[in-house]
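> return a 3D structure for these sequence lines:
(one chain, ligands or ions: 1)
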Amino acid sequence: MSVTDEVVAPPEWIAVETARRAFATRRTRSLAWRQQQLESLLRMFAENTRRIEKALSDDLGKSRVEGYLTEVSAVVGEVKLTLKHLKRWTSPRTVHAPIALGTARAQVVREPLGTVLIIGPWNYPFHLLFVPLVGALAAGNAVVLKPSEVAPASPTLIAELVAAYLDPEAVQVVQGGVTETTRLLECAFDHIFYTGNGTVGSVVMAAAAKHLTPVTLELGGKSPVWVDDSADIGQVARTLAWGKFINCGQTCVAPDFVLTTPTAAPRLAAALKTAISDYYGADPRTSPDYGRIVNERHATRLAGLLSSGTAVTGGIADVDARYVAPTVLVDVDLDAPVMRDEIFGPILPIVTVPDVGAAIDAINARPKPLALYAFTGKASDRRRLLAETSSGGVAFGSVMVQLGVPALPFGGVGASGMGAYHGELSVRTFSHERAVLRKFRGPDLTRLSRPPFTARTTRLLLGSDR
Ligand code: NAD
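A predicted model of the protein is given here:
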């Protein structure tokens, strides 16, 4: 075969092979390497905060404060927490060994999985790529990162920074879209961690199945909110307006729609209108704190949902400018277009139902959501919501803040995903928990279970009445 006949492997495969070779050197397993990578990650964020904020502003119109709070500080917090507990979270854990084994020690040893793929979405391009990366590095893996091409300024910066700060072989960044991701998915990984929509989630899972690769799927869904008349409606509105309109509603755990009683609905709608104007002024379009929709395709999709009810506030869109006003819709039916798929934009429909039982029925008629929120002073209704529904997570009296508790698992259930992460759970997600038993010399009761089985051992093992 001549030089010109040589088959050139695509760059995505080369990236995977490079990461795999780095893992094979065993250097990623050492505590020192893990620690050093995490410290470099901290430095990377500290020394490039302004550039990261600029990329987020270019991609999503995020204000500096929003970019810092929801992306930079989220990653930095996760790295610091992980560094603090790294030794403990990665050390073998001794567990009880049955007395029948005599003198023995049983341990759970967390070992890295190998080379893992992390596929990120566009809505929090840094947060949702780097928080999983923290767990993957802490667990001692080599990693291939695939940022989303939909938020274009971020992947370019991510590729530059990762190459400059992290192990240039063990941590690879592959840029590009569906073609590049598809090529990556042809490779055999030791784990795939995907965040994004469920349709692509099943593409990822099907590709992983070919290699028996385990997956974590962080998906989305319509996260419902139950509000009843016992709630402090002003406080509910201020909380919902914050959670719904931050990042223009392009948040996987954003409150998607509200279920409430016919008496609370008009009060809530009026209070939401006030809260929106308090946050973003009379014309949110001119507010430096109100973002933009990621692209025209999504802006067009959202504009089409504005007629699903009566707009109490907002209700307008400028697709060319990727602007959709913060909108509250009333008179919305449970089967209106805005109630079909995850909205993933700044439109909050309010649907009335007679009582909490009807709200529970409405929630259970849909796929299991990523989050469930409720504002009620009735402890019995909170208990019912917990006992009679299912969701990835739950927050009572607030929205989205459950994510800020590192000891709480973050993940979905059913259509909203499988697997979870954050804090120590991230290290578990990216580790194999190996069962290790060491038997010491000394008494061994297991010899009773070895043949020949005499009348005495039979009596001892099966009981005297058999
Ligand atoms: P996206 O379009 O950026 O896709 C995510 C990734 O999948 C990208 O890297 C992209 O290149 C890749 N991809 C797209 N099509 C593909 C294909 N056909 N084959 C292989 N790879 C492909 O992001 P998105 O899906 O629009 O993200 C929004 C969704 O993600 C929402 O449903 C949201 O709820 C969900 N989400 C979930 C979480 C969570 O933590 N659970 C967080 C953020 C977003």
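
> now do the same contact list for Tyr165.
Ser40, Leu41, Arg43, Met44 (C-beta atoms under 8 Å, 6 or more residues apart in numbering). Every C-beta, even on glycine, is put in place using the N, C-alpha and C of the backbone.

> what parts of the chain come near the ligand?
Applying C-beta under 6 Å from any ligand atom, one finds that the chain approaches the ligand through 119-123, 128, 146, 148-150, 177-178, 181-182, 195-197, 200, 203, 218-220, 252, 342, 344, 370, 412, 417.

> would you mind measuring the gap between the ends of stretch 426-442?
Counting by C-alpha to C-alpha, to the nearest Å, you get 39 Å between the two ends of stretch 426-442.

> surely Leu145 touches Leu137?
No. In this structure Leu145 lies outside contact range of Leu137 using C-beta atoms under 8 Å: 10.9 Å.

> now the helix or strand containing Leu56: buried residues?
Applying DSSP states H and E as the criterion places Leu56 in helix 49-60. For helix 49-60, the neighbour count (16 or more other C-beta atoms under 10 Å) marks Thr49, Ile52, Glu53, Lys54, Ala55, Leu56, Ser57, Asp59, Leu60 as buried.

> just checking, next helix/strand downstream of it?
Where DSSP H and E defines the elements, the next helix or strand beyond helix 49-60 is helix 64-67.

> touching that following helix from outside, list them.
By C-beta under 8 Å, 6+ apart, helix 64-67 touches Ile52, Glu53, Leu56, Ser57, Ile246, Asn247, Asp289, Gly291.

> name the nearest of the residues you listed relative to Gln36.
Nearest to Gln36 among the contacts of helix 64-67, counting by C-beta to C-beta, is Ile52 at 21.3 Å.

> distance check, the closest one against the ligand.
Taking C-beta to the nearest ligand atom, to the nearest Å as the measure, Ile52 falls 18 Å from the ligand.

> low-confidence ranges, the stretch 351-466 of the chain, go.
Along the stretch 351-466 of the chain, segments meeting pLDDT under 70 are nowhere present.

> next, whichever residue of the stretch 151-300 of the chain sits closest to the ligand: secondary structure please.
Closest to the ligand within the stretch 151-300 of the chain is Gly220: 1.9 Å, counting by C-beta to the nearest ligand atom. Here Gly220 is coil, with the state taken from DSSP: H, G, I helix; E, B strand; the rest coil.

> could you measure from it over to Ala415?
Using C-beta to C-beta, to the nearest Å, we find Gly220 at a distance of 9 Å from Ala415.

> so between those two, which is more surrounded?
Set side by side, Gly220 and Ala415 show more neighbours around Gly220, with 28 against 19, by other C-beta atoms under 10 Å.

> and that one, what is it in contact with?
Counting by C-beta under 8 Å, 6+ apart, Gly220 touches Asn197, Gly198, Cys252, Glu342, Phe344, Leu370, Gly412, Ser416.

> looking at the contacts of Tyr165, which is nearest the ligand?
Distances from the ligand to those, taken by C-beta to the nearest ligand atom, are shortest for Leu41, at 19.5 Å.

> Ile276 is in contact with Asp289, correct?
No. At 11.6 Å, Asp289 and Ile276 do not qualify as touching, with contact defined as C-beta under 8 Å.

> what about those two, which has more around it?
More crowded of Asp289 and Ile276, by other C-beta under 10 Å: Ile276, with 28 against 16.

> surely that one is in a strand?
No. Using three-state DSSP, the assignment for Ile276 is helix, not a strand.

> how about the nearest residue to it, chain neighbours excluded?
The shortest distance from Ile276 to any non-neighbouring residue, by C-beta to C-beta, 6 or more residues apart in numbering, is to Pro326 (4.9 Å).

> and what of Asn247?
Gly291 is the one closest to Asn247 (C-beta to C-beta, 6+ apart), at 5.7 Å.

> list the contacts for Thr115?
Per C-beta under 8 Å, 6+ apart, neighbours of Thr115: Val16, Ala19, Arg20, Phe23, Asn141, Ala142, Val143, Val144, Phe189, Asp190.
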